[in-house]
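A.B. asks: Output the structure for:
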Amino acid sequence: MSRLNVSNLFNENEDGAPVVSGISTFSSPNYFVPPSGSTAQRPSNPGEGMIRFNTDSGHLEYYTGTHWADVIVNNQELGDQNNTNSSGGTGVRGITAGGLLTPGSFTNNIDYYTIPTLGNSQDFGDLTDSKNQMGAAASRTIGLFFGGYTPAVLDKIEKLTISSTGSSVDSGADLISSNNRKNVAALSNQTRYVTFGGRMPPNNFQEITYGDFSTSQNAVDFGDPSAAVSSSLTFASSVRGISAGGYVVPSYVNTIDYITISTLGNALDFGDITVPRGQSTAFSNSTRGICAGGYGNSPLTQVDVVDFVTIASTGNAQDFGDLSAGERGGSSGCASSTRGVIAGGGASGAEVNTIEFITISTTGDSLDFGDMREVDRQSASLSNGHGGL
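C.D. replies: Okay, here's the model as predicted:
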């Protein structure tokens, strides 16, 4: 065995030298710094096994031979391999809560499913109230639900432990200034949640708020979105949060705002989604965000459009495909690093219990996943493996 002791080893000119070949072992009492750069700076012709730090996602990533994949250093896999339904196997867990069963009838049911599997959802527990039109966000361990409509408009934030089953509890925290609101949208990274807008009829809030998963303090002011908005579609990487579309009196809009989650300040312009809409599904992995379905304008209808953006860039959304079950508004969704799930919703006044899924890194129409236990719309969904983690 030979040994080469160096403090620095560079090949900045890409001239083919130096080369360390064979079985090589690196030993240091300190740390190893891999190459780093943004998503746009990835090598144009990567080789299988290449590893780098992505400064946009804040994650290590490696090239599999077909695509760049995150190096997951935390265990996000939950489930029971003895089950034969959608909670069987192991993987990222999705949770869907609340919703409108029929006009004037709300549910407090919480369902769960293992996102890499297929099958019907299973009973997780109950919300503290029967309600719809909540926001939802999650860390790897804690899920939060914001506000909602019972038909009273609420200000509380309730939480659950994603790895267990059981009913949610009042977190002890409220939305900013105890402003009751429904149709609030939310996103998060591992430590911080952020909410966009919301509605207390007849008014919307032009407000972004934030809080920490580790405390029970009320949400506080972050900045302002570009307009007083409700029912926008939100998702995030670990660095950047996105709010797309939503309802700005008197109609749905197609604008996209973005923020840097770790800072404070007003949202900036990102671009536009392909169709003005709100009240529907949005989710992401660390690089790509998806908006699926929703309520649109001219006149008020549901849409089956699915479009996507690259979170680290700016620009208009591009077409991804369509919802295979047809036009739908009021559905909710969540994601793992590879798959997004679209749950429930309704069209032409009829609620559905359909669950569909897409593969985030591709394009194409959604496919059947299974069914929710109830037929509802305007529920809220979260997972322990979304793009902000």
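A.B. asks: ok now do Phe283, which residues does it touch?
C.D. replies: Phe283 is in contact with 235, 289-290, 333-335, 340-341, 360, 383, 386-387, counting by CB atoms under 8 Å, 6 or more residues apart in numbering. For the C-beta atoms, the positions are set from N, CA and C on the backbone; glycine is no exception.
A.B. asks: okay, those residues in JSON lines with distance to Pro43, pLDDT and secondary structure next?
C.D. replies: Listed next are the contacts of Phe283 as JSON lines, based on distance: CB to CB, whole Å; pLDDT from 0 to 100; DSSP: H, G, I helix; E, B strand; the rest coil:
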{"residue": "Phe235", "distance to Pro43": "27", "pLDDT": "98", "secondary structure": "strand"}
{"residue": "Gly289", "distance to Pro43": "24", "pLDDT": "98", "secondary structure": "strand"}
{"residue": "Ile290", "distance to Pro43": "26", "pLDDT": "98", "secondary structure": "strand"}
{"residue": "Gly333", "distance to Pro43": "32", "pLDDT": "95", "secondary structure": "strand"}
{"residue": "Cys334", "distance to Pro43": "31", "pLDDT": "97", "secondary structure": "strand"}
{"residue": "Ala335", "distance to Pro43": "26", "pLDDT": "97", "secondary structure": "strand"}
{"residue": "Gly340", "distance to Pro43": "27", "pLDDT": "97", "secondary structure": "strand"}
{"residue": "Val341", "distance to Pro43": "32", "pLDDT": "97", "secondary structure": "strand"}
{"residue": "Ile360", "distance to Pro43": "22", "pLDDT": "96", "secondary structure": "coil"}
{"residue": "Ser383", "distance to Pro43": "30", "pLDDT": "97", "secondary structure": "strand"}
{"residue": "His386", "distance to Pro43": "27", "pLDDT": "96", "secondary structure": "coil"}
{"residue": "Gly387", "distance to Pro43": "22", "pLDDT": "95", "secondary structure": "coil"}
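A.B. asks: Quick one: buried ones out of the residues you listed?
C.D. replies: 235, 289-290, 333-335, 340-341, 360, 383, 386-387 (16 or more other CB atoms under 10 Å).
A.B. asks: ok, back up a step: identify, from the contacts of Phe283, the entry nearest to Gly49.
C.D. replies: Ile360 (22.7 Å; CB to CB).
A.B. asks: what residue ranges in the stretch 201-350 of the chain score low on pLDDT?
C.D. replies: Applying pLDDT under 70 to the stretch 201-350 of the chain picks out residues 348-349.
A.B. asks: Any idea which residue is closest to the centre of the protein?
C.D. replies: The chain has Phe283 as the residue nearest its centroid, 3.6 Å off, counting by CA atoms, centre = their mean.
A.B. asks: which element is that residue on?
C.D. replies: strand 281-284 (DSSP states H and E).
A.B. asks: what does the domain assignment say about this protein?
C.D. replies: 1-71, 93-383 (automatic domain parsing).
A.B. asks: can you tell which of those is closest to Gly79?
C.D. replies: Closest to Gly79 of the domains of the chain, according to CB to CB: domain 93-383, at 4.4 Å.
A.B. asks: Distance from that closest one to the middle of the chain?
C.D. replies: With CA atoms, centre = their mean, to the nearest Å as the basis, domain 93-383 stands 8 Å off its chain's centre.
A.B. asks: i'd like the first residue to be 30 from this point on
C.D. replies: Renumbered: residue one is now 30, and that last one reads domain 122-412.
A.B. asks: end to end, how far does it reach?
C.D. replies: 6 Å (CA to CA, to the nearest Å).
A.B. asks: Likewise for stretch 170-187?
C.D. replies: The first-to-last residue distance of stretch 170-187 comes to 14 Å (CA to CA).
A.B. asks: which element is Leu173 on?
C.D. replies: Here Leu173 is assigned to strand 171-175, by DSSP H and E.
A.B. asks: Partner strands of that strand, with direction?
C.D. replies: Applying DSSP bridges, strand 171-175 is found paired with strand 164-167 (antiparallel), strand 185-190 (antiparallel).
A.B. asks: Out of the domains of the chain, which is closest to Leu107?
C.D. replies: Nearest of the domains of the chain (CB to CB): domain 122-412, 4.4 Å.
A.B. asks: Thought Gly108 was touching Val192, still the case?
C.D. replies: Quick fix: residue 192 reads Ser, not Val. No. Ser192 lies out of contact with Gly108 (CB atoms under 8 Å); the separation is 10.1 Å.
A.B. asks: Neighbour count for those two, which is higher?
C.D. replies: The residue with more neighbours, out of Ser192 and Gly108, is Gly108; 20 against 13, by other CB atoms under 10 Å.
A.B. asks: Thr263 versus that one, what's the distance?
C.D. replies: From Gly108 over to Thr263 the distance is 26 Å, taken as CB to CB, to the nearest Å.
A.B. asks: And the buried ones among the contacts of Phe312, which is closest to Asp250?
C.D. replies: Proximity of the buried ones among the contacts of Phe312 to Asp250 (CB to CB) peaks at Phe264, which lies at 21.8 Å.
A.B. asks: So what sits opposite the residue lying closest to that closest one once chain neighbours are set aside in the bridge?
C.D. replies: Sequence neighbours aside, Ser313 is the residue nearest to Phe264 in space, at 3.8 Å (criterion: CB to CB, 6 or more residues apart in numbering). For Ser313, the beta-bridge assignment (DSSP bridges) gives partners Gly318.
A.B. asks: Which strand residues bridge Leu297?
C.D. replies: Beta-bridge partners, per DSSP bridges, of Leu297: Tyr287.
A.B. asks: on that earlier part again, what's the closest non-adjacent residue to the residue nearest to the centre of the chain?
C.D. replies: Nearest residue to Phe312, sequence neighbours excluded (CB to CB, 6+ apart): Ala364, at 3.8 Å.
A.B. asks: That neighbour against Gly414, yeah?
C.D. replies: Yes. Ala364 is within contact range of Gly414, at 7.3 Å (criterion: CB under 8 Å).
A.B. asks: Which one of the strands paired with strand 171-175 lies nearest to Thr330?
C.D. replies: Comparing these by CB to CB, strand 164-167 comes nearest, at 23.9 Å.
A.B. asks: ok, Ser196 to Phe242 distance?
C.D. replies: Counting by CB to CB, the gap from Ser196 to Phe242 is 19 Å.
A.B. asks: No further questions, thank you.
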